[in-house]
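K.L.:
pasted the sequence and its predicted model underneath.
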Amino acid sequence: MADGPAGLVVPGTPLLLPGVDPREPGRMAVLRAHVGALLRTSPDWVLPVPVVPPAVSLGGLGVARGARVRNTGSCGRVDPDALREGPGLARLVDGLGDAEAARAGQAGHGTVVAALLAAQSGVRVHLHAGSADCPAADAPLLLPVDFSAAAHPDAPLAPRTGADGFDDRLLRALRGPVDTATIAALADEAHRFAADPGPLVLADLAGLTGTVVAQEDLHHVRYSVVVLRTDAG
């Protein structure tokens, strides 16, 4: 994978999954296909997480999609055959103990979406919680990021002053040489703007350069796809 990306920043929204929005505009299908093609450039991806969950699920949002996680402490993996829907997902979630359910509940929606989308694209996702000994540690990064859903009067959430500016600063920090200091500062204030760039601060982005390869404004929310490469790549 010397010629492949070092990482990929994708929208962390459940709307990126097929079938979630029955009235989705065609542009979302095009964006999804673009992300799927990028994911298939590598058989393995690394998704940094605070805690490795035993399962990932969007059931709490009323979307019966999820997957079993092969869990080995600070390392986990989601394979394409681990995907579960409907009754299969219900059985998976019902089989979790209290401690396992609590860990599963710590997985952000973006983490779940990224893992499911990658598995649906036929690739493996390795969930790493800060361990250097995890498998596929040199695989490219998969980083789900939610821009603000509160930047426009007709967006899903009530508008918040400064949300547009927050989104602009976050995208600028990802373009060109990645500005890790700005990303860390923005992550600290993201809750004020209904955004979630959290996965970015869990990854080592030093020395990477970002290029926006796709961007859409759907439902007045910004969806951006950024390819990360090393200076040498």
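P.N.:
Everything's here; your move.
K.L.:
next helix or strand past the helix or strand of the chain with the lowest mean pLDDT?
P.N.:
Ranked by mean pLDDT, DSSP states H and E, the helix or strand of the chain with the weakest confidence is strand 70-72, at a mean of 83. Next in sequence after strand 70-72, counting helices and strands by DSSP states H and E, comes strand 75-78.
K.L.:
quick one: buried residues of the least confident helix or strand of the chain?
P.N.:
Across strand 70-72, burial judged by 16 or more other C-beta atoms under 10 Å covers Arg70, Asn71. In this view, the C-beta of every residue, glycine as well, is placed from N, C-alpha and C.
K.L.:
what do you get for stretch 207-220?
P.N.:
Leu208, Thr209, Gly210, Ala214, Glu216, Leu218, His219.
K.L.:
please flag which of these sit within strands.
P.N.:
If you go by DSSP state E, these have Leu208, Thr209, Gly210, Ala214, Glu216, Leu218 in strands.
K.L.:
give the contact list for the second one.
P.N.:
Under the criterion of C-beta atoms under 8 Å, 6 or more residues apart in numbering, the contact partners of Thr209 comprise Gly176, Pro177, Val178, Leu228, Arg229, Thr230, Asp231.
K.L.:
filter the residues you listed to the buried ones?
P.N.:
Using 16+ other C-beta under 10 Å as the burial test, these include Val178, Leu228, Arg229 as buried.
K.L.:
need those in a markdown table with secondary structure, pLDDT and distance to Leu58, can you?
P.N.:
Formatted as a markdown table, the buried ones among the contacts of Thr209 follow (DSSP: H, G, I helix; E, B strand; the rest coil; pLDDT from 0 to 100; distance: C-beta to C-beta, whole Å):
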| residue | secondary structure | pLDDT | distance to Leu58 |
| --- | --- | --- | --- |
| Val178 | coil | 97 | 29 |
| Leu228 | strand | 98 | 26 |
| Arg229 | strand | 97 | 30 |
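K.L.:
nearest to Pro48, of those?
P.N.:
Nearest to Pro48 out of the buried ones among the contacts of Thr209 is Leu228 (C-beta to C-beta; 13.1 Å).
K.L.:
quick check: the gap between that closest one and Ala102.
P.N.:
From Leu228 over to Ala102 the distance is 32 Å, taken as C-beta to C-beta, to the nearest Å.
K.L.:
what does Val51 give?
P.N.:
Distance from Val51 to Ala102, by C-beta to C-beta: 9 Å.
K.L.:
list the buried residues in the longest helix seen in the chain.
P.N.:
Assignment by DSSP state H gives helix 26-39 as the longest helix of the chain. Buried residues in helix 26-39, counted by 16+ other C-beta under 10 Å: Met28, Leu31, Arg32, Val35, Gly36, Leu38, Leu39.
K.L.:
pretty sure Val135 sits against Arg77.
P.N.:
Residue 135: Pro, not Val. Yes. In this structure Pro135 lies within contact range of Arg77 using C-beta atoms under 8 Å: 7.2 Å.
K.L.:
what's the per-residue pLDDT of the residue lying closest to Asp231 once chain neighbours are set aside here?
P.N.:
Sequence neighbours aside, Gly207 is the residue nearest to Asp231 in space, at 6.1 Å (criterion: C-beta to C-beta, 6 or more residues apart in numbering). In this prediction, Gly207 carries a pLDDT score of 95.
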